[in-house]
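Student: Here is a sequence with its predicted model. Questions after.
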Amino acid sequence: MAETRKKSSSKKSKKARRTQRLVGLAMTLVLFVAMLVFFILLATLNILPTIYMVVIGIVLLIILFYVFASQLTKAHMVGKVLAVIVFILLCLGSYYVSVTSGVFHKITNMGEETNTMSIVVLSSAEAEYINQTGDYIYGINNSSSYDAAREAISMINEKLGSEVTVVEAENWNQLVQELYDGTIQAMILDEGYRTSIIDYYPTFDTDTRVVDEYLEVDAKTETVTASDKVVTEEPFIVLISGTDTEGKLSTVGRSDVNILATVNPDTHQVFLVTTPRDAYVSLYNDESDTVIKKDKLTHASNNGLACSVATLEHIYDVDIDFYVRMNFTGLEKLVDALGGIRVWSDYAFTSYAQTHTYKEGWNDLDGYAALIFARERHAFSAGDFQRNKNQVYVIQAIAEKALSVSILNKYTDVLNTLTGVVATNVPQDQLSKLVKMEIDDITQGNGDWEFKSYSVAGTTGMEGDMSVVYLDEAQVALAKEKINAALAGQDPDSITE
């Protein structure tokens, strides 16, 4: 009887060991699949230097071998526990890599630019919805966004089932004034011009309301073609175009920030040149290389980002390789995701709205304080010229914080915030190479970048009822020399008047 029990117990023990072994082998197989998925995702993203990929591959293979071998020994439970821990870490790693890849894809694929048209009435108007405006007189601008406005009118007629009465104005100011005095009861507004209107009618937002969803119409603009430069090996120039409005980055509208960044990967130097948004210049068509008209630089992007690129190329006689389009309103979220930034101020001042006070020297700012700092111009005798400098200081502070080791624990927050705040035509593979180079440089203690800047100024004047800046040609010429020096690996500060 005792011998029978021993045989039965021995069979159960062997069966249990076989079961444990099968479970362990199954866990090993699952771990192998998880490792394979993680490694493929990481290799596809291509942001880690080759040496790191080799080390990660070797470590994963050693772990896999141990987990497999341990299932044939008494240490099988240690192997199982290790497999579970590593599996969880691989899942987290795969998630972070996927998030990074997704963000890279989104910011490098802005899509086609669009005009966003809206139907605007006075806040005191009876109509609250588009179907209540059938008997309203509509106004459109016949000198700007005319085709898009006409297309919007067609869509309104289709929605209402009848044709609305339309009158034309020569410019936005006339159109808004006609809305205010009752000559028209509704206007078609290209949202890209809203901030321009607010310059002349500060209470426009509260005086009016939108009675229909935005009607997006494909913009008749050229695509900004990216350079084929290898960004880790060749110096390149990036246009940083900043909008100060809400809404999609793909919306055609006024660019209040126009900064040329010359990036030299060999010298680890970034040279920033700012141009006043009110600079009165010839706006160029990118495809035909012809002058569209003379206007403020800030209005160039109302013709599409390609117009801003072509215009600045002609001003400084350079080839712009890439663009980075930024939403300055969205930067508030980005700065907060970074945990705040440290910004230099040339002056002690209080913002025009009396909400923030800044000291001369370094200021630790959260997102909203950084946004107010970048927007402020009334507090300075130099007005927009000083604002241009402050915007450079903010961009520089963001770049320095984003390139620091301290950003690692805020990694996903920062990446998620970039979507909708930043768009670029730098190809995804080139962006990955740039990140890989920076990671490699940081590990070798060479990750610091040197930022230098120059602001082109001029004299203020009037063109009709429009306040403009006439660029100082000597400063424009000096900026050209400094840009060329930075491209050649020289110190742009060594080029003086």
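Tutor: Now that the structure is in, tell me what you want to look at.

Student: for the chain, what are the low-confidence residue spans?
Tutor: The chain contains residues with pLDDT under 70 at 1-16, 110-114, 214-223, 244-254, 287, 328-329, 405-409, 411, 447.

Student: Please repeat the previous calculation with a cut-off of 50.
Tutor: Within the chain, the ranges that satisfy pLDDT under 50 run 220-221.

Student: can you pull the buried residues of the host helix or strand of Phe87?
Tutor: Assessed by DSSP states H and E, Phe87 sits inside helix 76-107. Neighbour-count burial for helix 76-107, counted by 16 or more other Cβ atoms under 10 Å, picks out 76, 79-80, 82-83, 86-87, 90, 93-94, 97, 100-101, 103-104, 106-107. In short, each C-beta sits where N, CA and C put it, glycine included.

Student: and the protein, what are its domains?
Tutor: 2-102, 114-218, 236-494 (automatic domain parsing).

Student: Between the two ends of the longest one, how far is it?
Tutor: In other words, domain 236-494. Using Cα to Cα, to the nearest Å, the end-to-end distance of domain 236-494 comes to 20 Å.

Student: For Leu45, which non-adjacent residue is spatially closest?
Tutor: Ser101 (5.1 Å; Cβ to Cβ, 6 or more residues apart in numbering).

Student: residues in contact with Val230?
Tutor: Contacts for Val230 were tallied using Cβ atoms under 8 Å, 6 or more residues apart in numbering; they are 430, 433.

Student: Double-check that it belongs to a strand.
Tutor: No - secondary structure of Val230 (DSSP: H, G, I helix; E, B strand; the rest coil): coil, not part of a strand.

Student: From Pro265, how far off is it?
Tutor: As judged by Cβ to Cβ, to the nearest Å, Val230 and Pro265 stand 9 Å apart.

Student: Show me the strands in the stretch 51-200 of the chain, by range?
Tutor: Using DSSP state E, counting those that start in this stretch, the strands found in the stretch 51-200 of the chain span residues 114-122, 137-141, 165-169, 186-190.

Student: Can you tell me which of these is packed in deepest?
Tutor: Compared across these, strand 186-190 shows the largest average neighbour count, a mean of 26 (mean count of other Cβ atoms under 10 Å).

Student: Show the end-to-end separation of stretch 462-470, please.
Tutor: 10 Å.

Student: Next, the buried residues of it.
Tutor: The neighbour-count check on stretch 462-470 (16+ other Cβ under 10 Å) flags 466, 468-469 as buried.

Student: what's the answer for stretch 355-373, then?
Tutor: 356, 358, 363, 365, 367, 369-373.

Student: again, but for stretch 486-497
Tutor: By 16+ other Cβ under 10 Å, the buried positions in stretch 486-497 come out as 486-487, 492, 495.

Student: pretty sure Asp286 contacts Ala306?
Tutor: Yes - contact criterion Cβ atoms under 8 Å: Asp286 and Ala306 qualify, at 3.9 Å.

Student: Beta-bridge partners for the residue sitting nearest the centre point of the chain, please?
Tutor: Nearest to the geometric centre of the chain sits Val422, at 0.7 Å (Cα atoms, centre = their mean). Bridge pairing for Val422 (DSSP bridges) gives the partners Met326.

Student: likewise Ser455?
Tutor: When bridges are called by DSSP bridges, Ser455 pairs up with Thr274.

Student: related to what we said a few turns ago, quick one: which of the buried residues of stretch 462-470 sit in helices?
Tutor: Secondary structure from DSSP state H places none of the buried residues of stretch 462-470 in helices.

Student: Same list, these, but as JSON lines with distance to Ala379 please.
Tutor: Output for the buried residues of stretch 462-470, formatted as JSON lines (distance: Cβ to Cβ, whole Å):
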{"residue": "Met466", "distance to Ala379": "23"}
{"residue": "Val468", "distance to Ala379": "22"}
{"residue": "Val469", "distance to Ala379": "19"}
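
Student: ok, of those, which one's closest to Thr460?
Tutor: Val469 (5.7 Å; Cβ to Cβ).

Student: Tell me how far the closest one lies from Gln269.
Tutor: On the measure of Cβ to Cβ, Val469 and Gln269 end up 28 Å apart.

Student: so Arg21 makes contact with Ser70?
Tutor: No - assessed by Cβ under 8 Å, Arg21 is found out of contact with Ser70, at 10.5 Å.

Student: When those two are compared, which one has more neighbours?
Tutor: Legend: neighbour count by other Cβ atoms under 10 Å for Arg21 and Ser70, higher for Ser70 (20 against 13).

Student: Contact partners for the more buried one?
Tutor: Counting by Cβ under 8 Å, 6+ apart, Ser70 has contacts 24, 76, 78-80, 82.

Student: Asp364 too?
Tutor: Residues near Asp364 by Cβ under 8 Å, 6+ apart: 340-342.

Student: State the distance from it to Leu122.
Tutor: 43 Å.

Student: Give the residues shared as contacts by Arg21 and Ser70.
Tutor: His76.

Student: ok so Ala226 is a strand residue?
Tutor: No - going by three-state DSSP, the assignment for Ala226 is coil, not a strand.

Student: From Thr108, how far off is the nearest residue to it once chain neighbours are set aside?
Tutor: Take Ala226 and drop its neighbours on the chain: the residue closest to it by Cβ to Cβ, 6+ apart is Asn425, 4.3 Å away. The span separating Asn425 from Thr108 equals 7 Å under the rule Cβ to Cβ.

Student: do the same with Ile58
Tutor: According to Cβ to Cβ, Ile58 stands 32 Å off from Thr108.

Student: neighbour count winner among those two?
Tutor: Neighbours per residue (other Cβ under 10 Å) separate Ile58 from Thr108, with Thr108 holding more: 19 against 10.

Student: Hmm, Ile480 is touching Tyr316, no?
Tutor: You called it Ile, but residue 480 is Lys. Yes - in this structure Lys480 lies within contact range of Tyr316 using Cβ under 8 Å: 5.3 Å.

Student: Comparing the two, which shows the higher neighbour count?
Tutor: Tyr316 (21 against 16).

Student: For the stretch 251-400 of the chain, just list every one of the strands.
Tutor: For the stretch 251-400 of the chain, the strands defined by DSSP E, counting those that start in this stretch cover 257-264, 269-274, 280-284, 291-296, 322-327, 341-345, 349-350, 357-358, 361-365.

Student: in its sheet, what does the longest one sit against?
Tutor: Here the strand partners of strand 257-264, with direction, are listed using DSSP bridges: strand 236-243 (antiparallel), strand 269-274 (antiparallel).

Student: try the third one
Tutor: Each strand paired with strand 280-284, and its direction, by DSSP bridges: strand 291-296 (antiparallel).

Student: go on, the last one?
Tutor: Strand 361-365 has its sheet partners listed here by DSSP bridges as strand 341-345 (antiparallel).

Student: if we look at the partner strand, which residues are touching it?
Tutor: With Cβ under 8 Å, 6+ apart as the test, strand 341-345 has contacts from 335, 358-365, 370, 373, 390, 393-394, 397-398, 401.

Student: let's go with 6 Å and repeat that
Tutor: 335, 358, 360, 362-365, 393-394, 397-398, 401 (Cβ atoms under 6 Å, 6 or more residues apart in numbering).

Student: Relative to Phe322, which of those is nearest.
Tutor: Nearest to Phe322, judged by Cβ to Cβ, of those is Ile398 at 17.8 Å.

Student: So which bits of stretch 286-304 are buried?
Tutor: For stretch 286-304, burial by neighbour count (16+ other Cβ under 10 Å) applies to 286, 292, 295-304.

Student: Need the residues that contact stretch 134-149.
Tutor: Outside stretch 134-149, the residues touching it (Cβ under 6 Å, 6+ apart) are 115, 117, 160, 162, 164-172, 175, 178, 184-188, 190, 217.

Student: With stretch 318-336 instead?
Tutor: With contact meaning Cβ under 6 Å, 6+ apart, stretch 318-336 is reached by 224, 226-227, 229, 236-244, 246, 249, 309, 313, 341, 367-368, 370-371, 417, 420-426, 483.
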